[in-house]
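1. model this:
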Amino acid sequence: MTKENIILYARLLRNIFETTDAIEIARQLRYEVLFVEADIRSLKANTYRCENGTKTIFINNKYDDTSRTILCAHELGHAVFNHKYKHSYKDKNLKNEYEVNLFAVALLFDECFNVPLVQMSNYALQSILDLNINLLP
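-> Predicted coordinates:
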């Protein structure tokens with residue numbers, strides 16, 4: 001999928017569901033979203049596909065609401081693009097990570113950056129997301 005198509009798809013979902021709330025969009029797409037208690041070193045968020053094809057997005061409950069939405073947007077990207085699911089962060093496929101980071105930023109943020117989204121590196125996209133993720137006090 002091209003960068004432009006990823007951005008268009010994210011914006012299409014945002015327009016269809018009339019929200020930037022990734023958790024609501026995931027649920028409208030019939031993905032289960034579960035909040036779990038876990039050590040943040042072992043789980044921020046993850047997407048799991050069951051044998052029957054259903055997909056569940058797990059989000060660590062130790063993050064604030066804004067962070068949960070951002071984490072869900074990233075995982076929603078994995079779900080809608082049917083990426084193979086990683087078992088650890090060491091298995092990161094950089095192309096897949098770039099696609100879901102681009103998807104998440106396009107879904108959550110209006111085009112309010114000095115650089116067009118299609119020109120942003122994965123590092124820039126990941127930084128935008130990471131700078132907005134916070135643990136609960």
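2. okay, CA-based contacts and neighbour counts for the rest of this
-> Fine.
3. Ends of stretch 127-137, what's the gap?
-> Taking C-alpha to C-alpha, to the nearest Å as the measure, stretch 127-137 stretches 22 Å from start to finish.
4. What is the helix or strand of the chain with the lowest mean pLDDT packed up against?
-> Across the helices and strands of the chain, mean pLDDT, DSSP states H and E gives its lowest value to strand 45-49, namely a mean of 90. Applying 3 or more C-alpha pairs under 8 Å, 6 or more residues apart in numbering; DSSP states H and E, one finds that strand 45-49 makes contact with strand 55-60, helix 65-80.
5. Would you reformat these as a markdown table and include mean neighbour count?
-> As requested, the helices and strands packed on strand 45-49 are exported to a markdown table (neighbours: other C-alpha atoms under 10 Å):
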| stretch | mean neighbour count |
| --- | --- |
| strand 55-60 | 22 |
| helix 65-80 | 23 |
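6. Quick check: which of these is nearest to Asn5?
-> Taking C-alpha to C-alpha, helix 65-80 is the member of the helices and strands packed on strand 45-49 nearest to Asn5, at 12.8 Å.
7. tell me the mean pLDDT over that closest one?
-> Averaged across helix 65-80, pLDDT comes to 96.
8. could you list every residue that touches Asn101?
-> By C-alpha atoms under 8 Å, 6 or more residues apart in numbering, the residues touching Asn101 are 74, 77, 122, 125-126, 129.
9. Among these, pick out the one closest to Thr54, please.
-> Checking the contacts of Asn101 against Thr54 by C-alpha to C-alpha gives Gly77 as the nearest, at 15.0 Å.
10. buried set for the host helix or strand of Glu4?
-> With secondary structure defined by DSSP states H and E, Glu4 is part of helix 3-17. Going by neighbour count (16 or more other C-alpha atoms under 10 Å), the buried part of helix 3-17 is 6-7, 9-11, 13-14.
11. hmm, back to that, could you provide the helices and strands packed on strand 45-49 in CSV, with additional columns for distance to Ala22?
-> Listed next are the helices and strands packed on strand 45-49 as CSV, based on distance: least, C-alpha to C-alpha, whole Å:
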stretch, distance to Ala22
strand 55-60, 11
helix 65-80, 5
